[in-house]
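# sequence isn't available, so here's the structure alone:
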């Protein structure tokens, strides 16, 4: 018997357990052969996640903690361990982010990283479906409809489902496409979507369901798939055809998914199937930044990810490289109150900074004036405009501020929603007010007349001509029936006439016009309720004016034409302030951030307070806003704001800031210091 066999025999007699020796590269966290010194280049949280080898893992990466860096280094580490790049699948939410990660990994290690399969869920779905579409009844050369194409296809079918002689409006193609998409991505019945989100179309539920069912048949008949079908059909393919699923399992041994908090139910199911028996799946994300439920994203995917896999390891990355500890203290306190969360505590090694400011103002206008003053002061202290941002819950929250910024000649660019004066419904309201100032304003008459049902350009031009030549006079609005003017035009002119000769205040005139316009708004826009909030803001702004011309001058935000020298001088100063909804600001950062309208009823929205899930998403939205700031954070709210929709006066600070300890913030009330505003 050989010595080796004798040793084994002795070990067996002693009933000792076997210990299998692995290669150096297989020992987690240890290797003498790595080209990259991972332990030196990463912090503890990042390093542990990067060195995770096999089995399921969830990486909770807080805001500003280097999530992308972690994914890049893990790709490099896996390839250094000898894992074939082609067997790694990296799923992200944009092609750009996948390409950037693999580019950075290649620069870090070598060109092998570019052979990793990276892309979006949708691009991955296309890749698979192009090979196997025939198995589910499509040709492999199916056409892909983008959102606009999808809406147009629905519109082709829409006319067949509109009830003849119906006196109520049927949903537009855009609304129908949204209903369909939300149903697919959340795996919710269309009827339930209509009841929860579009209750004013409940009476049309059967026709909507029939139309969207016909839309599905139409696509299959013409070999078409829209964006939602790509995910739906990939899932169906993997569920119904095990041979395809087995092929995918052989191809991809390791899967990583970025921004897991933004996945919807379809994407989560796809991930579960792709992971297979190996379960070599790593999900990376931040539960505290799940803010896209309106797109179908479900925070539950990341919250219950560990329950989807046995022996799932959880890694937390908590060192923040963006913000000061003072801003992080506020952010941590904010998310600490969340009901659904992973416990984590962000910290920074950056030098001590200023405490965040919570600022109360006596009115919306005073809030805007304070922001303008503080922005200019920060700029004088060395913070450029392009390193400042004003963030808000909803696009209409910035409308008053936009006017004050224009007055102060502060250039800005707005993201997420249109500028106030660019929205169709505000342009309509301004047109009515311009007519009250100048009844000969043919452009404004053209706009408001075309709002009326059955009135086209020809009839509008005829009426405008009669106004111009004096045939139609506001002073004789009661006699229009004698001139063969359609009834709806007569009603409009009569209303305008009454407002023109009225002694009412500007805001009261705006209110009367808005009530007249309300039924037109409902006819023109499915999202009229959201647009109505903008009109209420318009009325609020009008309350500060006693002179109609001054009001219209300030509403005309476009600056006058400049000389060539003025334009050249402006081009040399490329500083532009950012105005953005918080949804559009996710992933970005600025030296100074202003969060406005932190008022109960506005943020959180009054529409969110009846649902725990909605309130928690609002909290996460507030958290995302706070964690965009590097050094300066200002949170402001006006008090004594009358909310026309509810009929209540809003005066309480947002619940998200009302209980923040005074030790981690500074609270101020804006006081009138003469011509200036000061913090006391």
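Done, it's in. If you're wondering where the values come from, they're calculated on a predicted model, not measured in any experiment.

# I'd like the next helix or strand past the lengthiest helix in the chain.
Among the segments of the chain that qualify as a helix by DSSP state H, the longest is helix 506-524. Moving toward the C-terminus from helix 506-524, the first helix or strand encountered (DSSP states H and E) is helix 528-542.

# so which elements touch that following helix?
Applying 3 or more CB pairs under 8 Å, 6 or more residues apart in numbering; DSSP states H and E, one finds that helix 528-542 contacts helix 399-407, helix 424-437, helix 506-524, strand 641-643. Placement of C-beta: from N, CA and C, glycine included.

# between these, which one is nearest to residue 624?
Closest approach to residue 624 among the helices and strands packed on helix 528-542 is made by helix 399-407 (20.0 Å; CB to CB).

# re the thing from before, which one of the helices and strands packed on helix 528-542 lies closest to residue 319?
Per CB to CB, nearest to residue 319 of those: helix 399-407, 34.5 Å.

# buried sites along that closest one?
399, 400, 401, 402, 403, 404, 405, 406 (16 or more other CB atoms under 10 Å).

# surely the first one touches residue 540?
No - with contact taken as CB atoms under 8 Å, residue 399 and residue 540 are classed as non-touching, separated by 9.1 Å.

# ok, and residue 214, which helix or strand is that part of?
Per DSSP H and E: helix 205-221 holds residue 214.

# over to residue 317: give its phi and psi.
Dihedral pair for residue 317: phi -110, psi 110, per degrees, to the nearest 10.

# who's in contact with it?
Residues near residue 317 by CB atoms under 8 Å, 6 or more residues apart in numbering: 43, 45, 46, 49, 59, 60, 61, 62, 65, 66, 67, 70.

# my guess is the second one meets residue 316, correct?
Yes - A contact is recorded between residue 45 and residue 316 when judged using CB under 8 Å, the distance being 5.9 Å.

# please say which of these two ends up with more neighbours.
Neighbour count, other CB atoms under 10 Å: between residue 45 and residue 316, residue 45 has more, with 21 against 18.

# so who does the more buried one touch?
By CB under 8 Å, 6+ apart, the contact set of residue 45 is 65, 315, 316, 317, 318, 319.

# the second one bridge partners, please.
When bridges are taken as DSSP bridges, the partners of residue 315 come out as residue 59.

# counting neighbours, what do you get for it?
By other CB under 10 Å, 21 other residues sit near residue 315.

# surely it and residue 57 touch.
Yes - with contact defined as CB under 8 Å, residue 315 reaches residue 57; the gap is 6.4 Å.

# now do the shared contacts for these two.
Common neighbours of residue 315 and residue 57 (CB under 8 Å, 6+ apart) are residue 49.

# from the contacts of residue 45, pick the one nearest residue 430.
Nearest to residue 430 among the contacts of residue 45, with distances taken as CB to CB, is residue 65, at 45.9 Å.

# report the two of the contacts of residue 45 separated the most.
Within those, 315 and 319 form the most distant pair, 12.8 Å apart (CB to CB).

# wait, isn't residue 175 in contact with residue 194?
No - Residue 175 lies out of contact with residue 194 (CB under 8 Å); the separation is 10.1 Å.

# list residues touching both of those two?
Shared contacts of residue 175 and residue 194 (CB under 8 Å, 6+ apart): residue 201.

# picking up where we left off before, each with direction, which strands does whatever helix or strand comes next after the helix holding residue 214 pair with?
The C-terminal neighbour of helix 205-221 among helices and strands, as given by DSSP H and E, is strand 224-226. Each strand that pairs with strand 224-226, with its direction, by DSSP bridges: strand 143-145 (parallel).

# okay, buried residues for the partner strand please.
The neighbour-count check on strand 143-145 (16+ other CB under 10 Å) flags residue 145 as buried.

# try stretch 109-124
109, 112, 113, 116, 117, 118, 119, 120, 121, 122, 124.

# for residue 631, what are its contacts?
So residue 631 contacts 323, 324, 327, 353, 354, 591, 592 (CB under 8 Å, 6+ apart).

# ranking the residues you listed by neighbours, who comes first?
Note: the member of the contacts of residue 631 with the most neighbours is residue 327, at 29 neighbours, neighbours being other CB under 10 Å.

# for residue 604, see how far away that one is.
21 Å (CB to CB, to the nearest Å).

# and residue 71, by the same measure?
According to CB to CB, residue 71 and residue 604 sit 32 Å apart.

# neighbour count winner among the two?
Neighbours per residue, other CB under 10 Å: of residue 71 and residue 604, the larger number sits with residue 71, 28 against 23.

# assign the nearest residue to that one once chain neighbours are set aside to helix, strand or coil.
Once flanking residues are discounted, residue 71 sits nearest to residue 101: 5.7 Å by CB to CB, 6 or more residues apart in numbering. Counting by DSSP: H, G, I helix; E, B strand; the rest coil, the backbone at residue 101 sits in helix.

# can you list the buried residues in the helix holding residue 214?
207, 208, 209, 211, 212, 215, 219.

# what comes into contact with that helix?
137-138, 145, 153-154, 156-158, 160-163, 170-171, 176, 179-180, 183, 190-191, 194-195, 201, 224-226, 229.

# quick one on the thing from earlier: closest one of the contacts of residue 317 to residue 596?
Closest to residue 596 out of those is residue 62 (24.6 Å), distances taken as CB to CB.

# so where is this structure shaky, pLDDT-wise?
In the predicted model, the chain carries pLDDT under 70 at residues 1-32, 164-168, 417-420, 477-483, 553, 556-573, 644-647, 672-680.
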